[in-house]
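*Asks:* Okay, here's the prediction I keep looking at, along with the sequence it came from:
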Amino acid sequence: METSTKRRRIQRSPSPVYKLDDENDEYEPYIPVAQRRQQKLAKLQSWGASVEQRAKKQQEEIDEREDAQREEELRREKARMERTLLMEAQEVHQKRAAEDSKKTETEKAEEADNEILEAIKSRRKLASDMELAKGIQYIDSLKTSWRPPKYVRERSEEQHQKIREKYHILVDGENIPPPIEHFVDMKVPGPILEYLKANRIVLPTPIQLQGIPAAFSGRDLIGIAFTGSGKTLAFCLPLIMMALEEEMKLPFIRGEGPVGIILCPSRELANQTYENVVTWCSALAKDGKYSQLNTVLCIGGISMSEQSHVMSKGLHIVVATPGRLIDMLEKKRFTFNNCKYLCMDEADRMIDLGFEDDVRNIMSFFKRQRQTLLFSATMPRKIQDFAQESLIKPVLVNVGRAGAANLDVLQVVEYVKQEAKMVYLLECLQKTPPPVIIFSENKNEVDDIQEYLLLKGVEAVAIHGSKSQEERQYAIKSFKSGAKDVMVASGVASKGLDFNDIQHVIIFSMPKEIEDYVHQIGRTGRSGKTGIATTFVNMNTAEQTLLDLKYLLMEAGQKVPPFLSTIDDPRAAQGGTLKGCSVCGGLGHGISNCPKLEDVKRREMASHRGADDGGGY
Ligand SMILES: Nc1ncnc2c1ncn2[C@@H]1O[C@H](COP(=O)(O)OP(=O)(O)OP(=O)(O)O)[C@@H](O)[C@H]1O
């Protein structure tokens, strides 16, 4: 029935599109097969697309959810990790704090000191730039023909050690040559022996009896011994012998030489060493058996034409300050083509402050292996270590603690108010007969003191870095000859100058660095004689300097005045061992408050401004 109805309608209206009405709501219009297929296909396609879309959407939602989940997990993990690190850091911190609280102040200071020491350790080796660049490294010491006498060679190492102990000589290094107790056994030429004897130099001092055999053997050497203990002879004699041997083999002619060089930090010290060398060489050549050796003094402030008579011959020895020497080498007035001996006096100063680059520059003029020797009364650990690294199989010869005061000096420390110093100085001068040296750290003060003394009728000369070379030479000459009773000096005259029988050293203003104090008081009590050193201190003296002084007095077994003994060492209060500063050798402080390091900074700044104290040039 339904079918017939449908059929009827089909008949009535063949048109496929009819409007539906209520009665015919079951009516389904006829759709041709092809069209139906197409519709189905389209429907299928659209359905498929929507399925795809839905699936895609669903996937996107899943992805989003997963991303969010992952992010959340990451966030949680990060937070967990952060917490752990934070907690770990806190734990480490707490642990360290606990450990630190167990440490004494001394241990903490020592740690800080070591850190600073590490930081300043990174210095270039003491060698010429050419050697460093080419990687030239000498392995063995210089060969010499010198041998100790048979009876000395036959001694056992224990016997050598016994002799060293007898003279309080400490040594370090490989195959150390034996100590020799007599100049004659060192095979020193007769004329020199006679000259030494005539000047009351009969037996070698400890630094000489171990230092000279080591140097004669060609060994690099670090020689440390207290002020006035005869270091000059210990490093000049080996050079004289070396030059003599060369000259005897083949006499030097014009343009040849030098064989060796002695470097000094100040003109005055260079001049004094030069005079010693000339005297010893003249003594050697006196009886005509040995050749005349020629020595040149190479310092700023003097005209080299004065020495043209020496320069016109073969040259054996040069004594110099670094600045003028570099100048001469650059101008090719002589060369180092055959130079094989380099000695630095007051070496801690030479390779430390200010001169290090000059020394490196000088080394670059050497064309062959050399023997290098460093001598000083003060040589802090840091410089010893640095020097040892730069030398070839060095021998370290140490008589007493490096930087210790000469025990032949009676040290008196007095509290004198600043305004009372001048007046008290006059009183102090009465303590001993002349000659007396007065030291002040300040050039103006040196001039003021001299003026005051002259006004009071005291025959005084003055010397400091701002004086002309003539004034400096005049001061030294007239004081040495005894024409003047008192010399007022800044640091220039403190290191190495050997004046005859100084009775009394007055330190008008205490130097900040205890090494300088040791050198200053060391102008008296030389070559076995005794002397007095009076030092003025007051409120202006830094507490740390006073502490250094206190320990130095204690070490030397000197009287410590009450105002010094009451100064407490903050390190001692915390317990632990009290090690001296390895930068300046002061016993009363560590590196972290070393005045020398502060001075280095100041000097560096000053050198940028081109300031020059006139010291060695
Ligand atoms: N073996 C010796 N016996 C006696 N006197 C000596 C001996 N050797 C050197 N002297 C004398 O000792 C004095 C000091 O010597 P020198 O100037 O060499 O000391 P130094 O150790 O270099 O001192 P500084 O550290 O102050 O430079 C000189 O007058 C010197 O003639």
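*Replies:* Nice, I can see it.
*Asks:* who in the stretch 151-300 of the chain is up against the ligand?
*Replies:* 200-201, 203-205, 208, 225, 227-233 (C-beta under 6 Å from any ligand atom). Using the backbone N, CA and C atoms, a C-beta is placed for each residue, glycine as well.
*Asks:* Strands - which of those land there?
*Replies:* Among those, the residues falling in strands (DSSP state E) are Ala225.
*Asks:* Closest one to Arg54 out of the residues of the stretch 151-300 of the chain next to the ligand, please.
*Replies:* Distance ranking of these against Arg54, using C-beta to C-beta, places Ala225 first at 100.1 Å.
*Asks:* how about the residues of the stretch 151-300 of the chain next to the ligand in TSV, adding distance to Arg523, pLDDT and neighbour count?
*Replies:* Output for those, formatted as TSV (distance: C-beta to C-beta, whole Å; pLDDT from 0 to 100; neighbours: other C-beta atoms under 10 Å):
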residue	distance to Arg523	pLDDT	neighbour count
Arg200	19	92	8
Ile201	19	95	17
Leu203	23	96	10
Pro204	22	97	26
Thr205	17	96	21
Gln208	20	98	28
Ala225	16	93	27
Thr227	8	91	26
Gly228	8	92	23
Ser229	13	93	23
Gly230	15	95	20
Lys231	14	96	24
Thr232	14	96	20
Leu233	18	97	22
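*Asks:* Which residues of the chain lie near the ligand?
*Replies:* Counting by C-beta under 6 Å from any ligand atom, the chain sits next to the ligand at 200-201, 203-205, 208, 225, 227-233, 377, 496, 498, 522, 526-527.
*Asks:* tell me which element Ile506 falls in.
*Replies:* Assigned by DSSP states H and E, Ile506 belongs to strand 504-507.
*Asks:* what sits up against stretch 286-295?
*Replies:* 189-191, 240, 243-244, 247-248, 251-252, 257, 274, 277-278, 281-282, 284-285, 310, 313-319 (C-beta atoms under 8 Å, 6 or more residues apart in numbering).
*Asks:* Next, the distance between the ends of that stretch.
*Replies:* For stretch 286-295, the first-to-last residue distance is 16 Å (C-alpha to C-alpha, to the nearest Å).
*Asks:* now the helices: where do they sit in the stretch 351-500 of the chain?
*Replies:* 356-363, 381-390, 421-429, 443-455, 469-480 (DSSP state H, counting those that start in this stretch).
*Asks:* Would you reformat these as JSON lines and include mean neighbour count?
*Replies:* Shown next, in JSON lines, are the helices of the stretch 351-500 of the chain (neighbours: other C-beta atoms under 10 Å):
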{"stretch": "helix 356-363", "mean neighbour count": "18"}
{"stretch": "helix 381-390", "mean neighbour count": "19"}
{"stretch": "helix 421-429", "mean neighbour count": "16"}
{"stretch": "helix 443-455", "mean neighbour count": "18"}
{"stretch": "helix 469-480", "mean neighbour count": "18"}
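*Asks:* Adding mean pLDDT, write these out as JSON lines.
*Replies:* Output for these, formatted as JSON lines (pLDDT from 0 to 100):
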{"stretch": "helix 356-363", "mean pLDDT": "86"}
{"stretch": "helix 381-390", "mean pLDDT": "77"}
{"stretch": "helix 421-429", "mean pLDDT": "96"}
{"stretch": "helix 443-455", "mean pLDDT": "96"}
{"stretch": "helix 469-480", "mean pLDDT": "91"}
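*Asks:* Partner strands of the strand holding Ile506 and their direction?
*Replies:* Strand 504-507 pairs in its sheet with strand 436-439 (parallel), strand 531-537 (parallel), by DSSP bridges.
*Asks:* Could you list which of the residues of the chain next to the ligand belong to helices?
*Replies:* 208, 231-233 (DSSP state H).
*Asks:* Which two among those residues are spaced furthest apart?
*Replies:* Maximum distance among those (C-beta to C-beta): 9.9 Å, for Gln208 and Thr232.
*Asks:* Out of the ones in helices among the residues of the chain next to the ligand, which is nearest to Gly403?
*Replies:* Nearest to Gly403 among those is Lys231, at 14.3 Å by C-beta to C-beta.
*Asks:* Please report the distance of the closest one from Ala556.
*Replies:* To Ala556, Lys231 is 19 Å away according to C-beta to C-beta, to the nearest Å.
*Asks:* residue in the stretch 51-200 of the chain nearest to the ligand?
*Replies:* Proximity of the stretch 51-200 of the chain to the ligand (C-beta to the nearest ligand atom) peaks at Arg200, 5.9 Å away.
*Asks:* give me phi/psi at that residue?
*Replies:* phi 60, psi 30 (degrees, to the nearest 10).
*Asks:* For this protein, which segments are assigned as strands?
*Replies:* Counting by DSSP E, the strands of the chain are 169-172, 221-225, 260-263, 295-298, 317-320, 341-344, 371-376, 395-399, 409-415, 436-439, 460-463, 486-489, 504-507, 531-537.
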